[in-house]
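1. Turn this into a model:
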Amino acid sequence: MAEPETNGRSTVPATAAAPPRPVRPDRVLVTDLDGTLLGGDRADRRRLHAALARHPEVTVVFATGRALSSVREVLRDRLVPRPRWIIADVGASVIDGTDQSPVAGLQRRLRAGWPGAERVRAALRRFPGLAYQHGVVQDGRCSFHLDPDHLTPELTDAVAALGCTWLYSADRYFDVLPPGASKGGALAALAADQHWPMDSVLVAGDSLNDLSLYGLGAHGVIVGNAEPALLAAVPEDATVHRPDRPGAAGILTALQELGWVERDHPLVVGYHRPPVQPGPGGWRPPASPNGILPTLRSLLAANPQAVWATAAVLGPHPRPARLEGHGTGLPLSFVRLSPAEWTAYFHRACKETLWPVLMSQPRRLRFDPDTWTRYREVNARFAEHIADHAAPGATVWLHDYNLWLVPGLLRPLRPDLRIGLFHHTPFPAPDVFAALPTAAEVRASLSRLHWAGFHTETFAEQFRRVLAGTPGALPRVGVHPLGIDRDAVTALARARRPRRAGALTAAGGGPLVLSVERLDYAKAPVQKVEAVAALLARRPELRGRLRFRLVCPPPEPGITSYDATRHALERRVAEVNDAWGKGGWRPVEYLPHSLPFPEVVDHYLAADVFWVTSLQDGMNLTAKEFIAAQRAVGQSGVLVLSRHAGAAAQLGGAALLTDPRSPADLVDTLDRALTLPPEERHRRLERLAELLGDHHPADWAADITSAIRAASAAEAPGASGALAGYPR
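-> Down below sits the predicted model:
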């Protein structure tokens, strides 16, 4: 049934003594239901619900024509906020929302003089145009349907003779009420009982039965889909908001304009890893940082309208955590996860199921249905979190495979959003992708994107091939290789060179080969140690002089999929050093820990050769940092770069390319790097610096967000509904 939309004739404030003074809320939202709180689309209702959930200091009061039993049906919807109080039956009932019991004292005063429903119906039975609303629960009132032509003075006089008042609205609803009952009268009585100053109250309505709520001194909002008669009846006033947005969206607009809740964000960045992590001792940097974090820091710090949706892993017995005090100055919004959820999602599903596929090593894939269920659940929570924080028509920029299921889950929740995803990792060929047991589910979700981005055309083309044949139009695809903040690296290199770099060069003036990478079998660290041993066997003159320095921080604690690689690496480093070392010289210097970036630059400046041997790599920013640091101080280090790194597409014309899948090629290319004439070294470094360019990460981010916004709805998949093969 539609809620009776009626026009109040009078209000009677409560005058009885108030109960003991309650704790006063900071703000009170008093809202009609049908057409107001329940108006607009589901996405708008989700946004309002989320905003109120983030602001428990805003007390919610329903002011409705529904009876309590009908309100209970409404409360089954999880997007309806829980009310602290319920003004029901067009103001004839006041109910405590915590236990749904009548507030007896208030209710008696509001119903004073009520002759009873049977007497009212009997007295009005002689009016043929009046049709009682059968099947509608009514308490302390009588509600009828009535055409405008039958609203006569005789009818209203008959109501007055009963000692009652009447309300009429929407050219249909006619309510007979106790003389002191109306939504406004009930609100005034409740506010007096609770000691609410009216300037801390916002009333929201859409029809003439809400008219009595206005004029009490409260803030007001008349939602965009309101009955014209209500708009005409409420005087123009700065305290009454009249947004264009309907229903729940109109309420949210008013709350935001009042500053009671924060505004939604036109740009939402979704990346699972935060720049800081909560812990028992406070906030700390991530254990294993990566290249995208500085880029996102730069983007978010410069964009006050954006928000970064990320994960916060809270301890096993967290106190009600406030996650605002991270001190980064960034607009972070956290999806709270337990350690068990994070382990199943990230350590297992991401690193043991998806990562081997991305690295084109499906033989390493380990699939567990339970951990995949957790991956799906975490993606669902990210989708809901983003839906709750995104402004209408906002741009959503997702990052990497960790959120592959978000597009398919988010589109039905918020079909108004423009969704893009940038893959920092490689994207596998169709036959490798097909090895994933949940390939159909992932493919269905990725097809819901408006835009997908990659570092290289090869990865973009493989994405197109994987999605070929998927129902609906494919997402737009863009190729945007990520760069570095070259100016910052240059300045740091020039500042560091006189102080530190000399101390890190190889003893005895021999060549220093450097690798800087996190521990990962995809980086081929063991293969490099093997190649160093083979080169020492081939070239005796390098014994006692050559140093291979491997800066190789471990992954995040708890990731076990790299344990075999770590054990093999540690064993081979020890064996090679034992076999070839003499005196104070060891051919392999293994640094298994993270370094501050200034110290990394020191190592770049000390190196003669920078050695990147990824079996697969999305881009590889360390190679670019090495070039910038060396060029900044006029050095001519050699870059040996894997053919399978994304950076090879940009830098391959001047780097020495190597194939880490070939042990012989690894040795041969490293040998060549160590014997290049100075003139060729210099020429190659100069060319690498030209190829590197100076496209700042902030410009890269701006290009991508523009590309997502430009993605046309006509070129994107359907805006709503489930896609075949995608679980709902």
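
2. who does the strand ranked longest in the chain touch, helix- and strand-wise?
-> Longest strand in the chain, counting residues (DSSP state E): strand 390-399. Contact partners of strand 390-399 among helices and strands, from 3 or more CB pairs under 8 Å, 6 or more residues apart in numbering; DSSP states H and E: helix 42-54, strand 265-270, helix 406-413, strand 418-422, helix 697-710. Backbone N, C-alpha and C define where each C-beta goes, glycine included.

3. so which of the ones you listed gets nearest residue 191?
-> Of all these, it is helix 42-54 that lies closest to residue 191, at 19.3 Å by CB to CB.

4. buried sites along the closest one?
-> 43, 44, 45, 46, 47, 48, 49, 50, 51, 52 (16 or more other CB atoms under 10 Å).

5. Using the three-state scheme, assign the residue nearest the centre of the chain.
-> A centroid search over the chain (CA atoms, centre = their mean) returns residue 309, at 3.3 Å, as the residue closest to the centre. Of the three states, residue 309 takes strand under DSSP: H, G, I helix; E, B strand; the rest coil.

6. how far away is it from residue 540?
-> Residue 309 is 57 Å from residue 540, where distance means CB to CB, to the nearest Å.

7. Figure out the helix or strand that the residue lying closest to residue 658 once chain neighbours are set aside lives in.
-> Spatially, and ignoring its direct neighbours in sequence, residue 658 is nearest to residue 669 (3.9 Å; CB to CB, 6 or more residues apart in numbering). Assessed by DSSP states H and E, residue 669 sits inside helix 663-675.

8. following that helix, which helix or strand shows up next?
-> Taking DSSP H and E, what comes next after helix 663-675 is helix 678-692.

9. is it fair to say residue 83 lies in a strand?
-> No. Checked against three-state DSSP, residue 83 lies outside a strand; its state is coil.

10. ok, it - contacts?
-> 60, 61, 62, 97 (CB atoms under 8 Å, 6 or more residues apart in numbering).

11. what bridges to the first one?
-> Using DSSP bridges, the beta-bridge partners of residue 60 come out as residue 29.

12. Next up, the contacts around it.
-> Taking CB under 8 Å, 6+ apart as the test, what residue 60 contacts is 29, 31, 52, 81, 82, 83, 84.

13. Among the helices and strands packed on strand 390-399, which comes closest to residue 146?
-> That would be helix 42-54 among those, by CB to CB, at 30.7 Å.

14. Just give me how far that closest one sits from the chain centre.
-> Computed by CA atoms, centre = their mean, to the nearest Å, the chain-centroid distance of helix 42-54 equals 15 Å.

15. any weak-confidence spans in this protein?
-> Along the chain, the model assigns pLDDT under 70 to residues 1-24, 287-291, 316-324, 498-508, 712-728.

16. circling back to that earlier point, out of the helices and strands packed on strand 390-399, which comes closest to residue 624?
-> helix 697-710 (10.7 Å).

17. okay, the angle between that closest one and strand 418-422?
-> 140 degrees (axes from the mean of the first three to the mean of the last three CA atoms, to 10 degrees).

18. thinking again about what came up before, any idea which of the contacts of residue 60 is closest to residue 340?
-> residue 82 (28.3 Å).

19. Could I get the contacting residues of that closest one?
-> Per CB under 8 Å, 6+ apart, neighbours of residue 82: 60, 75, 97.

20. what about 7 Å?
-> 60, 97 (CB atoms under 7 Å, 6 or more residues apart in numbering).

21. now the one 10 residues further on
-> Residue 92 makes contacts with 110, 111, 139, 140, 141, 177, 178, 181, as judged by CB under 7 Å, 6+ apart.

22. And the buried ones among the residues you listed, selectable in PyMOL?
-> Restricted to buried positions by 16+ other CB under 10 Å, the PyMOL selection for the contacts of residue 92 reads:
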select buried, resi 110+111+140+141+177+178+181
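
23. which one of the contacts of residue 92 is nearest residue 580?
-> residue 139 (91.4 Å).

24. mind giving me JSON lines with the helices and strands packed on strand 390-399 and columns for distance to residue 452?
-> Below are the helices and strands packed on strand 390-399 laid out as JSON lines (distance: least, CB to CB, whole Å):
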{"stretch": "helix 42-54", "distance to residue 452": "23"}
{"stretch": "strand 265-270", "distance to residue 452": "14"}
{"stretch": "helix 406-413", "distance to residue 452": "9"}
{"stretch": "strand 418-422", "distance to residue 452": "6"}
{"stretch": "helix 697-710", "distance to residue 452": "10"}
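
25. so which of those comes closest to residue 483?
-> That would be helix 697-710 among those, by CB to CB, at 6.2 Å.

26. and the angle for the closest one with strand 390-399?
-> When the same axes, to 10 degrees is applied, the directions of helix 697-710 and strand 390-399 differ by 120 degrees.

27. Is residue 374 in contact with residue 341, as I believe?
-> Yes. Applying CB atoms under 7 Å, one finds residue 374 in contact with residue 341, separated by 6.1 Å.

28. if we can go back for a sec, using CSV, write down the CA coordinates of the helix holding residue 669.
-> Taking Å, rounded to 0.1, in the frame of the first residue of the first chain, the C-alpha atoms of helix 663-675 are listed here in CSV:
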residue,chain,number,x,y,z
PRO,A,663,70.6,-20.2,-18.3
ALA,A,664,73.2,-19.8,-21.1
ASP,A,665,71.6,-16.4,-22.2
LEU,A,666,71.7,-15.2,-18.6
VAL,A,667,75.5,-15.8,-18.4
ASP,A,668,76.2,-14.5,-21.9
THR,A,669,74.3,-11.3,-21.5
LEU,A,670,75.8,-10.6,-18.1
ASP,A,671,79.3,-11.3,-19.5
ARG,A,672,78.7,-8.9,-22.3
ALA,A,673,77.4,-6.2,-19.9
LEU,A,674,80.7,-6.4,-17.9
THR,A,675,82.8,-6.1,-21.0
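
29. Show me what it is packed up against.
-> helix 525-538, strand 609-612, strand 638-642, strand 656-658 (3 or more CB pairs under 7 Å, 6 or more residues apart in numbering; DSSP states H and E).

30. Now with 10 Å, please.
-> strand 512-516, helix 525-538, strand 609-612, strand 638-642, strand 656-658 (3 or more CB pairs under 10 Å, 6 or more residues apart in numbering; DSSP states H and E).

31. right, so of those, which gets closest to residue 36?
-> Of all the helices and strands packed on helix 663-675, strand 512-516 comes closest under CB to CB, at 58.4 Å.

32. on that earlier part again, make CSV out of the contacts of residue 60 and add distance to residue 328.
-> Formatted as CSV, the contacts of residue 60 follow (distance: CB to CB, whole Å):
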residue, distance to residue 328
29, 31
31, 36
52, 26
81, 30
82, 33
83, 36
84, 35
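
33. Thanks again, I'm all set now.
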